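>>> Fold the following.
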Amino acid sequence: MTIFYILAAILLFGILITVHEAGHFFAARLMGIPVREFAIGFGPSLLTWKRKKHETSFHLRAIPLGGYCAFYGEDDTKGEYLNDPRYFGNFSVGKRLLTIIMGPLMNLALAVLAAMLLFGLSGIPVPEGPPVTVVQSVNQDSVAHEAGMLPGDTLVSVDGQAVSDNLSELLAQGEPGQPRIIVVTRQVDGAQQEVTMQISPRFDPVEQRNLIGIMMAVTQPMRMEPGSLFQVMGKSLKLSWDAGRMVVQAIVNLVTRGEGAGEVAGVVGITKMIVDEIQRSQLEGYLYLMVVISINLGLMNLLIIPGLDGSRIVFLLLEAVRGKPIAKEGYVHAVGMVLLFALMIFITFRDVVRLF
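Okay, here's the model as predicted:
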């Protein structure tokens, strides 16, 4: 059964990569730009065929770490295709820009479609009660730790005011250091027990708010009900938007604070995550991960990193402003791809080490 889940994870990678590269491919066809090669995966070719009409060779390759849609003369550092009418640089900036940007956009569109399928099959969530705040972790030497708060505690009230998703607002009502009466419930020997504790929040000058030293998660009891097409579309767009916002925030935190650098996963790590999730929640988990990973792939490709679509878009915009291409662009992307492959190999090696 584990083999089945691994194959399902590989299929998910294949779908995401194919949709991304198909975005480039069909946009190029629409713009009249010849495509030299379309490939899913890297390394030795397992399956090859060629369309004589458009002179495009198609490949299914052995290593499922990505794919590419190659154009004549793209990243050509030797000038081999400069006099070829099929040369990518012969086409207008607008046509090339649309061709490049359609890859990430197709991933974003796939995420919305996968979310619609998810909510269409499982129904849309309908609240059954107020939000609930649960303690995920308690910082060592924090006031919450000193008072005896534990991970898994559910916050009930602060000074008699009910806690839903408003803990920060309730803590802000008192002065820093002012004792607050906080009530939580926890499981003790299989029974729900209410615990009252006195905690004096500390003011954090960085966060600019009163804190008690916990990580919390806000959840809301839900039931699933069939929804109309408009409800399904609305929920799908919201889920995709929230996933995108989460990815952007993670990237910002990684760049500005270095947060999450040790948690970045490659193909092996993501495969394990997919296998674990579909073992736990089957098709619903599979579709949810398709939404999140597709959004991730689309937005990551828009980063201004040499070799990625975002960098190519910037070079095209600079070309539009200057009125001529940047001579060394091919070298920049070539070096970027080498570094990206090196990073990918390092992360994959680290994923394998973590498995054992």
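>>> how about the helices of the stretch 151-300 of the chain, start to end?
Here the stretch 151-300 of the chain has its helices, by DSSP state H, counting those that start in this stretch, at 167-172, 229-257, 267-301.
>>> Including distance to Arg86, mean neighbour count and mean pLDDT, could those helices go into JSON lines?
Where C-beta positions appear, they are placed from N, C-alpha and C, glycine not excepted. Formatted as JSON lines, the helices of the stretch 151-300 of the chain follow (distance: least, Cβ to Cβ, whole Å; neighbours: other Cβ atoms under 10 Å; pLDDT from 0 to 100):
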{"stretch": "helix 167-172", "distance to Arg86": "59", "mean neighbour count": "16", "mean pLDDT": "86"}
{"stretch": "helix 229-257", "distance to Arg86": "36", "mean neighbour count": "14", "mean pLDDT": "86"}
{"stretch": "helix 267-301", "distance to Arg86": "25", "mean neighbour count": "19", "mean pLDDT": "80"}
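>>> Nearest to Leu98, out of these?
helix 267-301 (15.1 Å; Cβ to Cβ).
>>> Leu97 reaches Leu316, doesn't it?
Yes. Under the criterion of Cβ atoms under 8 Å, Leu97 makes contact with Leu316 at 4.9 Å.
>>> Looking only at neighbour counts, state which of these two leads.
The neighbour count for Leu97 versus Leu316, taken as other Cβ atoms under 10 Å, is higher for Leu316 (21 against 18).
>>> my hunch is that the more buried one is in a helix, does that hold up?
Yes. Checked against DSSP: H, G, I helix; E, B strand; the rest coil, Leu316 lies within a helix.
>>> if I pick it, what's in contact with it?
Val93, Arg96, Leu97, Ile100 (Cβ atoms under 8 Å, 6 or more residues apart in numbering).
>>> By mean pLDDT, which helix or strand of the chain comes out lowest?
helix 329-355 (a mean of 76; mean pLDDT, DSSP states H and E).
>>> Now do the helix or strand hosting Ile313 against helix 329-355, angle only.
Under the criterion of DSSP states H and E, Ile313 resides in helix 309-322. Relative orientation of helix 309-322 and helix 329-355, computed by axes from the mean of the first three to the mean of the last three Cα atoms, to 10 degrees: 160 degrees.
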